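# Quick one, what's the 3D model for this:
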Amino acid sequence: MIKEFKEFAMRGNVLDMAVGIIIGAAFGQIVTSFVADILMPPIGRLLGHVDFANLFLNLTENHYDTLAAAKAAGAATMNYGVFFNTVINFLIVAFAVFLLVRSVNRFTAKPVPVVAPTTRDCPYCLTAVPLKATKCGHCTSELRAA
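Residues are numbered from 1 along each chain as shown. Below is the predicted model:
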């Protein structure tokens, strides 16, 4: 059983998948940092100094200035700012995956369509004649049906 597992784990596609998952996780962290630290602060500044990570709807009667204060108090909140950041993360990752798949598809070989032959060779003079021909146009030999 251990030998079978080792053979399974050492197959190329399993190793490729593992590498892809690790790189994907690292890429996700980079995109999360890009959105939270680079992209959203200027957008928040343009919209009147809004910190999207701190946008929340308090579902209790108490007032909290920040999302961290509401979480520390155990208040029920709807964190739509965090959700907005997550949606932007997803869109960036999805677009990057789209670009990757699109570029890989350009390099993959496209299947060559199989074209049915429309001619055959005359067995006597080896001239190409149509498939349905009953007589060779070159040597006038009688031809059998294809």
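# When you work out contacts or count neighbours from here on, use the C-alpha atoms and nothing else.
Fine.
# what about residue 71, neighbour count?
12 (other CA atoms under 10 Å).
# Next secondary structure after the lowest-mean-pLDDT helix or strand in the chain?
Here the helix or strand of the chain ranked lowest by mean pLDDT, DSSP states H and E is helix 2-9, holding a mean of 78. Next along the chain after helix 2-9, taking DSSP states H and E as the criterion, comes helix 12-33.
# Need the contact partners of that next one.
8, 9, 86, 89, 92, 93 (CA atoms under 8 Å, 6 or more residues apart in numbering).
# how close does the fourth one sit to residue 39?
Summarising the geometry, the distance separating residue 89 from residue 39, computed by CA to CA, to the nearest Å, is 10 Å.
# Run the angle between whichever helix in the chain runs longest and helix 12-33 for me.
Scanning the chain for the longest helix, with DSSP state H as the assignment, gives helix 80-107. Between the axes of helix 80-107 and helix 12-33, defined by axes from the mean of the first three to the mean of the last three CA atoms, to 10 degrees, the angle is 140 degrees.
# How far away from the center of its chain is helix 80-107?
The chain centre lies 8 Å from the centre of helix 80-107; the measure is CA atoms, centre = their mean, to the nearest Å.
# How about stretch 93-113?
8 Å.
# So what touches the least confident helix or strand of the chain?
Contacts of helix 2-9 (CA under 8 Å, 6+ apart): 14, 15.
# hang on, the earlier thing: settle it for me: which of residue 89 and residue 39 has more neighbours?
residue 89 (21 against 15).
# Give the full set of residues in contact with the more buried one.
Counting by CA under 8 Å, 6+ apart, residue 89 touches 28, 31, 32, 35.
# Pull the contacting residues for the residue nearest to residue 78 when sequence neighbours are not counted.
Spatial nearest neighbour of residue 78, chain neighbours left out: residue 57 (5.0 Å); criterion: CA to CA, 6 or more residues apart in numbering. Applying CA under 8 Å, 6+ apart to residue 57 gives the contacts 77, 78, 79, 80.
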